[in-house]
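S.K.: Here is a sequence together with a model predicted from it:
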Amino acid sequence: MTEKYMIFNDLSKIRSQSNRVLYLSLILTFVATLLNGYLTYLTNESAKNNFYLLDNGQKLAAVRIRSYQRAVDILCEGHIRNFHQLFFGLEADMRYIKRNIEGQALYMGDHSIQRMYNRLVDQNYYEDVAKSGYSIEVEMDSIQIDYAKYPFAFRFAGKQRLLKNGRTEYRNLITQGYLEETKSSPNNLNGLKIIQFHVMDNQDL
């Protein structure tokens, strides 16, 4: 009779221990699920505030920006600035010119930029620059972007600095157009496109 009670007590202890293990496992699973969800949330929030700085279309580094509007400003201004440097900054080297314009700048805008490029090619503008032996650098003064209406209207104001035989000359450079979203590509990492582009002033100063 005593042996039966001992067996019954042992079974009760085993069942009790099993229940404790089960409850502990459920609690740990619940806590792990909550912790995983919280960490996932933190990761997503961190990713939302990470944006890439670009230099001539190349990713430099990820930076944290808490303001979404500020991130949009950096992205749009960077696209406009990089385009102008690639399209209007020239060296006395046709391979350099074609690499910057045909390899990058033309992918950053629509047919209005392609037409402008074709017109300058027909006028032998780039060949004249290459043969002249001088270089042209772009200096930005300001970029104004109107986010009130899509696509975003912009106005670029700056100068072209012409280095000729040790002399420096300046040419005004004021342009305007619109920015619209497009798919990102290896040649256009920003996912933005310049449309209806016009040069408003490009006179010598």
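M.R.: Sure, I can see it.

S.K.: looking at this structure, which helix or strand is least sure?
M.R.: None of the helices or strands of the chain scores lower by mean pLDDT, DSSP states H and E than strand 58-64, at a mean of 46.

S.K.: Identify each buried residue in the following helix or strand past it, please.
M.R.: Remark: after strand 58-64, the chain's next helix or strand is helix 68-88, criterion DSSP states H and E. Residues 71, 74-88 are the ones in helix 68-88 that count as buried (16 or more other C-beta atoms under 10 Å). Heads up, the C-betas are built off the backbone N, CA and C, glycines and all.

S.K.: what's the answer for stretch 92-106, then?
M.R.: Buried residues in stretch 92-106, counting neighbours by 16+ other C-beta under 10 Å, are found at 97, 100-101, 104-106.

S.K.: Just the closest of these to Ile136, please.
M.R.: Nearest to Ile136 among the buried residues of stretch 92-106 is Ile97, at 10.1 Å by C-beta to C-beta.

S.K.: Which strands or helices does the helix or strand where the closest one lies pack on?
M.R.: Taking DSSP H and E as the definition, Ile97 sits inside helix 94-101. In terms of contacts (3 or more C-beta pairs under 8 Å, 6 or more residues apart in numbering; DSSP states H and E), helix 94-101 is packed against helix 68-88, helix 125-132.

S.K.: Let's see that with 10 Å instead.
M.R.: Packing contacts for helix 94-101, counted by 3 or more C-beta pairs under 10 Å, 6 or more residues apart in numbering; DSSP states H and E, involve helix 68-88, helix 111-122, helix 125-132.

S.K.: check contacts around Gln85.
M.R.: Going by C-beta atoms under 10 Å, 6 or more residues apart in numbering, Gln85 touches 55-56, 100, 104-105, 137-140, 158.

S.K.: Please parse the protein into its domains.
M.R.: 1-48, 68-201 (automatic domain parsing).

S.K.: Just say which of those is most tucked in.
M.R.: Neighbour counts (mean count of other C-beta atoms under 10 Å) averaged over each of the domains of the chain peak at domain 68-201, with a mean of 16.
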